[in-house]
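A.B. asks: Sequence and predicted structure, then a few things I'm wondering about:
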Amino acid sequence: MDSQYSLPYVMENTTQDINLLLIGKTGSGVSASGNTILGKKKAFESRKSASSITDRCQKDSADVLMRRITVSVDTPTFSNSQNIDLRLELKNGLKECPPGIHVILLVLPFHKTQAADVLSLFKQMFGENAMKHTLVLFTHGDEIENKPLDQLIRENTELSKLIEECGGRFHQLDNKDLNNRDQVPALLMKIDRMVSENQNSCYTLQMFETQSRETQTQHTQI
């Protein structure tokens, strides 16, 4: 059954299945965002209340607006590029999502973001090649002050740099506003545009393994 989202958006790649990877620090809303995108309440268990099973990368799929969306949720703590458990789970997650990840959603709560640290960690973990496949997904939208999001970004130098590195791509998702039927289709429009601009290419397991070796070499030389 298709998801409950139904809006008159013109989608660019409605026949193509899409693989998404959601990654972020504990409490950023990664699991809740995965649930919102798939239109499911309990596809992914929140880290705050989860048992040890959420130390592993989780995956679920749904038919959303005429295509199959597969969401992989990173659950080991995204806090250290040398986190062996995180690297292993990301590697396993990439293996299970052939041909690779079309779009990485870097999940950030707007008011709790140290953007410079996040950008540095992300590049160490995934490499420069990942940036063209990445979109910043802001959560905790109910906590954002009464200003346009793009204005708030412009007022934050570190955040502006992060968005610039991601090709200017960002989206706001309020996982508490279940009555907002626009936010997921609007996100998928941006994802479709990214996939089209990248000529349907993916961030692959080979890219991740190459970056892992380079990061390990750099730390060994220090």
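C.D. replies: Cool, the structure landed.
A.B. asks: helices and strands around the longest helix anywhere in the chain, which ones?
C.D. replies: Secondary structure of the chain per DSSP state H: the longest helix is helix 205-221. Helix 205-221 is packed against helix 84-95, helix 115-126, with contacts defined by 3 or more CB pairs under 8 Å, 6 or more residues apart in numbering; DSSP states H and E. In short, each C-beta sits where N, CA and C put it, glycine included.
A.B. asks: For whichever strand or helix holds L22, which residues meet the burial criterion?
C.D. replies: Using DSSP states H and E, L22 sits in strand 18-23. With burial defined by 16 or more other CB atoms under 10 Å, the residues of strand 18-23 counted as buried are 18-23.
A.B. asks: Got phi/psi on T139?
C.D. replies: phi -110, psi -170 (degrees, to the nearest 10).
A.B. asks: Contact partners for it?
C.D. replies: The contact partners of T139, by CB atoms under 8 Å, 6 or more residues apart in numbering, come to 28-29, 32-33, 107-110, 173-175.
A.B. asks: Test of understanding: give the bridge partners of it.
C.D. replies: P109 (DSSP bridges).
A.B. asks: any idea how far L38 is from it?
C.D. replies: 15 Å (CB to CB, to the nearest Å).
A.B. asks: what secondary structure does the residue nearest the centre of the chain sit in?
C.D. replies: Central residue check for the chain by CA atoms, centre = their mean: the C-alpha nearest the mean position is that of L105, 1.6 Å away. With DSSP: H, G, I helix; E, B strand; the rest coil as the basis, L105 sits in strand.
A.B. asks: Show the pLDDT at it.
C.D. replies: If you check L105, the pLDDT there is 97.
A.B. asks: what bridges to it?
C.D. replies: According to DSSP bridges, beta-bridge pairing links L105 with L22, L135.
A.B. asks: looking at it, it is touching I18, isn't it?
C.D. replies: No: using CB atoms under 8 Å, L105 is not in contact with I18; the gap is 11.3 Å.
A.B. asks: ok, now how distant is the residue lying closest to P99 once chain neighbours are set aside from G39?
C.D. replies: Leaving aside its chain neighbours, P99 sits nearest to C202 (5.3 Å; criterion: CB to CB, 6 or more residues apart in numbering). Distance, C202 to G39, using CB to CB: 24 Å.
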